[in-house]
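> could you work out the structure for the sequence below:
(one chain, ligands or ions: 1)
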Amino acid sequence: DKGEHKHFMHKEIHEQPASLARVFGSLIDLQKGRLSGDLDKVDFSGVRRVVLVACGTAYYAASVAKYWFEEFADLPVELDVASEFRYRSTPLRDDDMAIFVSQSGETADTLAAVRHVKGRVRAVLAVVNVPTSSIAREADHVLEILAGPEIGVASTKAYVGQLALLAALALKAGKDNGLVGTDAETSLAVAMAALPRLVSETLSLEPMVQQVAATMVSARDTLFLGRGVLAPLAFEAALKLKEISYIHAEGYAAGELKHGPIALIDEHVPVIVFASSGPLFEKTISNVQEVIARGARVTLITDPQGAVLAKGIGDHMLIVPAVREELAPFVHSIVAQLLAYHVAVLKGTDVDQPRNLAKSVTVE
Ligand code: M6R
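Purely as a prediction, here's the structure:
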């Protein structure tokens with residue numbers, strides 16, 4: 001039932017404050033400011049590498065998590081899409097922790113990748129939304145994102161749930177290997193627990209996002225840029241737009257622009273930039289200046305401090321709530337989802353059932 005919403009996707013976007021509160025509630029004991037619950041069954045002590053495998057949007061969630069495992073736990077990460085990983089001769093060791101991310105738990109390539117590593121690594125973790133799924137059944141440990149049923153083919157609340165689970169898991173890894181002390185654990189746990197409220201605030205940007213969407217409907221090509229933890233978010237934003245609006249969209253790490261894609265830029269190519277204020281901000285802004293100099297129409301998505309530092313650069317600015325830099329993908333992803341949704345609605349495409357796509361891809 002879509003309730004008051006025109007599409008399941010819209011409903012699911014708006015469910016995120018609740019679904020996020022549910023998953024963080026299962027991972028964090030707020031009274032104590034500690035990780036808890038399901039994470040207790042996973043032990044990273046002695047683990048030397050994380051292997052992260054998924055497809056599509058789940059892969060982009062895993063791509064964000066790579067930054068977190070490096071940052072919180074100082075662990076090397078082997079990251080790949082399942083359809084490549086399963087056919088590679090990647091060396092696997094018994095001190096590898098293998099993590100598979102899948103909303104449905106039925107994606108054929110991801111399931112095959114699970115079977116490929118089973119018995120050859122320390123443990124197989126399944127980060128899923130469907131605990132009775134094939135991938136969950138074959139894993140050593142199941143971690144549920146608790147997003148509730150996701151009907152829209154374009155993943156939204158499952159993606160954000162995957163981010164939540166993976167952020168807490170990376171923090172657990174840092175704790176298990178002695179890198180994250182009690183104070184750091186509490187400060188991150190408290191910051192994570194505040195995310196449902198910040199996501200809800202971000203949702204109130206919808207009317208402004210709609211205005212930006214109106215400027216993108218007639219575009220043939222679009223570019224999404226981000227740096228650091230927001231680079232994979234830019235890839236996900238591009239995927240979301242292309243799958244439901246059929247507009248060609250590419251996501252790039254902002255620093256890669258000058259190595260080729262900048263050749264595409266002219267006034268007909270909307271450029272969407274995700275940037276949070278912080279050490280990488282200036283670098284991203286100088287990339288933005290490069291595209292503006294080539295006539296691009298830029299929308300900058302940043303936080304209040306970034307808005308001040310950016311001094312009105314670009315054609316549009318969307319200001320998301322301030323949040324710790326590592327956790328910025330949570331608020332930026334909401335804007336990315338709303339943007340794709342409203343462009344698709346304005347184009348009149350079948351938002352919940354886009355052409356050629358299935359909710360769960362059970363062919364290889
Ligand atoms: O069920 P899964 O998470 O394994 O699905 C993976 C992809 O097929 C899925 O994320 C797909 O990319 C979505 N349509 C993205 O919105």
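
> immediately after the helix or strand where residue 240 lies, which helix or strand?
Following DSSP states H and E, one finds residue 240 within helix 231-245. Using DSSP H and E, the next helix or strand after helix 231-245 towards the C-terminus is strand 248-253.

> so which bits of that next one are buried?
249, 250, 251, 252, 253 (16 or more other Cβ atoms under 10 Å). For every residue, glycine as well, the C-beta is placed using N, CA and C.

> for stretch 96-112, same thing?
96-111.

> burial measure for residue 48, as a count.
Residues lying near residue 48 (other Cβ atoms under 10 Å) number 14.

> what's the closest non-adjacent residue to it?
residue 95 (4.3 Å; Cβ to Cβ, 6 or more residues apart in numbering).

> next: residue 261.
Nearest non-adjacent residue to residue 261 (Cβ to Cβ, 6+ apart): residue 252, at 5.5 Å.

> please tell me how far the residue nearest to residue 48 sits from residue 49.
7 Å (Cβ to Cβ, to the nearest Å).

> again, but for residue 76
Applying Cβ to Cβ to residue 76 and residue 49 gives a distance of 5 Å.

> those two: which is more packed in?
More crowded of residue 76 and residue 49, by other Cβ under 10 Å: residue 49, with 18 against 13.

> which single residue in the stretch 1-150 of the chain comes nearest to the ligand?
residue 56 (2.0 Å; Cβ to the nearest ligand atom).

> and that residue, how many neighbours does it have?
23.

> so, in contact with the ligand or not, the helix or strand containing residue 160?
Residue 160 is part of helix 157-176, with elements assigned from DSSP H and E. No. On the criterion Cβ under 6 Å from any ligand atom, helix 157-176 is out of touch with the ligand, staying 6.6 Å away.

> same for the following helix or strand past that helix, what does it pack against?
Moving toward the C-terminus from helix 157-176, the next helix or strand (DSSP H and E) is helix 182-193. Counting contacts by 3 or more Cβ pairs under 8 Å, 6 or more residues apart in numbering; DSSP states H and E, helix 182-193 is packed against helix 16-27, strand 28-29, strand 34-35, helix 157-176.

> pick the most buried one from those.
helix 157-176 (a mean of 26; mean count of other Cβ atoms under 10 Å).

> give me the mean pLDDT for that one.
Mean pLDDT, helix 157-176: 98.

> stretch 140-150 now?
97.

> quick one: it to chain centroid distance?
16 Å (Cα atoms, centre = their mean, to the nearest Å).

> can I get the CA coordinates of that stretch in CSV?
The C-alpha coordinates for stretch 140-150 follow below in CSV (Å, rounded to 0.1, in the frame of the first residue of the first chain):
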residue,chain,number,x,y,z
ASP,A,140,28.1,-17.8,8.7
HIS,A,141,26.5,-14.7,10.2
VAL,A,142,23.5,-12.7,9.1
LEU,A,143,23.3,-8.9,9.7
GLU,A,144,19.8,-7.5,8.9
ILE,A,145,19.4,-3.9,7.7
LEU,A,146,15.7,-3.9,8.9
ALA,A,147,14.6,-1.6,6.1
GLY,A,148,11.2,-3.4,5.8
PRO,A,149,9.9,-4.6,2.3
GLU,A,150,11.3,-2.5,-0.5
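
> so it, near the ligand or not?
No. For stretch 140-150 and the ligand, the contact criterion (Cβ under 6 Å from any ligand atom) is not met; the two come no nearer than 8.8 Å.

> run through who's touching that stretch.
Under the criterion Cβ atoms under 8 Å, 6 or more residues apart in numbering, residues 12, 15, 19, 22-23, 26, 38-39, 41-42, 103, 123-129, 131, 136, 156-158, 160-162, 164-165, 169, 359 lie in contact with stretch 140-150.
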